[in-house]
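Colleague: sequence first, then the predicted structure:
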Amino acid sequence: MNRPSFRRSGLAAACGAALLLVAAAPLAGGDAADQPAASASSLQSVDALKPFVGEWTIDAKWDDGRPLKARNVYSMELGGRHMRARTFLPQPDGSEIQRYDGFMTWHPEKKSLVQYAFAMDGGVREQRIETTDGKVLRVGFTPFEQGGESNLHQTIEFLSADEFEWTVEIREGGEWKRLIKARWTRSKG
């Protein structure tokens, strides 16, 4: 089986979490410029994720020039209480492999939206999803526990109901380095 290769295992884990994260973006819903700020209660519920159900694609390049093509499929699961995100990467023969799987949910004890990401290489990541308005989301910026800082930051800015900008940064040698700034678009509702 052909598997995409990454030059660094840290980058592979970062990319996995990054590709899964985009499921949190629908908190804004609708045209971002026309939407009022989301209420605090709507941002503290998995219901805020429901507008994102569907399929999204990206055709872009990482900052180092490598191409990125992917498809994310989001669905409400387990009685509509959690959102599932599955990431598929195209293969040279036209088939796809599922590289990542994950769930986004409201965690009542942590009082936060949370992403649980699972990679086909066995990687597992738990990250906090933060937003003050539902239009811009920050992932991995604030740890759940002291000393649990993430080496991966993501920012998602919802531009419309069908497009958002995604920025991913990784910490290397104490410095933050941008990996990508690109746009995802809705391909199916």
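Modeller: On my side now, so go ahead. Numbering: from 1, shown residues only.

Colleague: give me the neighbour count for residue 124.
Modeller: The local packing of residue 124 (other Cβ atoms under 10 Å) involves 12 other residues. (C-beta placed from N, C-alpha, C; glycine too.)

Colleague: which stretches in this protein count as helices?
Modeller: Counting by DSSP state H, the chain forms helices over residues 9-21, given from the N-terminal end onward.

Colleague: where are the low-confidence patches of it?
Modeller: By pLDDT under 70, the weakly predicted segments of the chain are 1-45, 47-51, 189.

Colleague: all strands for it, in order.
Modeller: Counting by DSSP state E, the chain has strands at residues 54-61, 67-77, 82-90, 96-107, 112-119, 124-130, 136-139, 152-160, 163-172, 175-188.

Colleague: nearest to residue 146, of these?
Modeller: strand 124-130 (13.4 Å; Cβ to Cβ).

Colleague: quick check: angle from the closest one to strand 152-160?
Modeller: Computed by axes from the mean of the first three to the mean of the last three Cα atoms, to 10 degrees, the angle separating strand 124-130 from strand 152-160 equals 50 degrees.

Colleague: helices or strands next to strand 124-130 in the packing?
Modeller: helix 9-21, strand 112-119, strand 136-139 (3 or more Cβ pairs under 8 Å, 6 or more residues apart in numbering; DSSP states H and E).

Colleague: ok, 10 Å please
Modeller: The helices and strands touching strand 124-130, judged by 3 or more Cβ pairs under 10 Å, 6 or more residues apart in numbering; DSSP states H and E, are helix 9-21, strand 96-107, strand 112-119, strand 136-139, strand 152-160.

Colleague: quick one: the shortest one to chain centroid distance?
Modeller: It refers to strand 136-139. Using Cα atoms, centre = their mean, to the nearest Å, we find the averaged C-alpha position of strand 136-139 to lie 9 Å away from the chain's own average C-alpha position.

Colleague: and what of the second one?
Modeller: For strand 96-107, the distance between its averaged C-alpha position and the chain's averaged C-alpha position is 9 Å (Cα atoms, centre = their mean).

Colleague: before we move on, the earlier item: can I get the helices and strands packed on strand 124-130 in JSON lines including distance to residue 83 and mean neighbour count?
Modeller: As requested, those are arranged in JSON lines below (distance: least, Cβ to Cβ, whole Å; neighbours: other Cβ atoms under 10 Å):
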{"stretch": "helix 9-21", "distance to residue 83": "11", "mean neighbour count": "23"}
{"stretch": "strand 96-107", "distance to residue 83": "5", "mean neighbour count": "19"}
{"stretch": "strand 112-119", "distance to residue 83": "10", "mean neighbour count": "20"}
{"stretch": "strand 136-139", "distance to residue 83": "13", "mean neighbour count": "22"}
{"stretch": "strand 152-160", "distance to residue 83": "14", "mean neighbour count": "21"}
